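> sequence below, structure please.
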Amino acid sequence: SSRISLAFLFVPMALGRSTYSLIIEAKKNNVVDYQNKVKKLLNTLALLGYLIIIPILILAPFIIKTLYGQAYLQAIPVLYVQIFSILFIFLGSGRNIWVITENLSKFLFIADLFGLIVNVLLNYYFIKHFGVVGAATATLISYIFTYILMNLFYKKTITILLYQIRALMLIDLFIYLRKN
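Numbering: from 1, shown residues only. Next up is the predicted model:
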């Protein structure tokens, strides 16, 4: 099931690479344009994440059975947990672009280090009590911690946290749809 969820990780990398220079240029020229480009990137990543997650959740039994056979149906609950990691990895990718643009690269190291510690501690407990689903859950929680919650602990990253929350909740999409 991890192969299925990992198959989509090219999306934020491709989108990030294609927008990075535009974001850098906007930061040099116009702060409002820069902020809007970062928000648009995060909103796009969140929407793409949901557009991947929802069909996988619906089709997981069919996907597992078709790709791996009846013997691997016990992997479905793991896939259900793992697929949500995509959303936080996608938003983390967008956050990383913002962090680098803001010259806060040291923050990335600290966030990743704390995420690693959280993952190891949670895996120690969760695998013992919940098995492979526990391992997937521990990884999901560590992604949420690393890519979203760590932004709470550093004053300079509160802005990106707010952008991420709006993207997670699809607020800007709903505002756009309401206007049109």
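
> just checking, what packs against the biggest helix by length in the chain?
Longest helix of the chain, by residue count under DSSP state H: helix 105-147. Counting contacts by 3 or more Cβ pairs under 8 Å, 6 or more residues apart in numbering; DSSP states H and E, helix 105-147 packs against helix 76-82, helix 85-101. Any C-beta I mention is one placed from the backbone N, CA and C, and that applies to glycine too.

> using JSON lines, lay out the ones you listed together with mean pLDDT.
Output for the helices and strands packed on helix 105-147, formatted as JSON lines (pLDDT from 0 to 100):
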{"stretch": "helix 76-82", "mean pLDDT": "93"}
{"stretch": "helix 85-101", "mean pLDDT": "96"}
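
> of the ones you listed, give the one that comes closest to residue 131.
Residue 131 sits nearest to helix 76-82 of all the helices and strands packed on helix 105-147, at 9.2 Å, using Cβ to Cβ.

> so how many other residues sit close to residue 21?
9 (other Cβ atoms under 10 Å).

> coming back round to it: taking helix 85-101 as reference, get the angle to the longest helix of the chain.
Put simply, helix 105-147 runs at 160 degrees to helix 85-101, going by axes from the mean of the first three to the mean of the last three Cα atoms, to 10 degrees.

> so that it lines up with my notes, have the first residue be 9 from now on.
Sure, I'll start numbering at 9, so the last one becomes helix 113-155.

> mind checking what helix or strand follows helix 113-155 in sequence?
Moving toward the C-terminus from helix 113-155, the next helix or strand (DSSP states H and E) is helix 166-176.

> which residues touch stretch 68-78?
By Cβ atoms under 8 Å, 6 or more residues apart in numbering, the residues outside stretch 68-78 that reach it are 9, 12, 64, 80, 81, 83, 84, 87, 88, 91.

> please tell me how far the residue lying closest to residue 57 once chain neighbours are set aside sits from residue 187.
Of all residues not flanking residue 57 in the chain, residue 95 sits nearest, at 3.9 Å (Cβ to Cβ, 6 or more residues apart in numbering). Using Cβ to Cβ, to the nearest Å, one gets 25 Å for the distance from residue 95 to residue 187.
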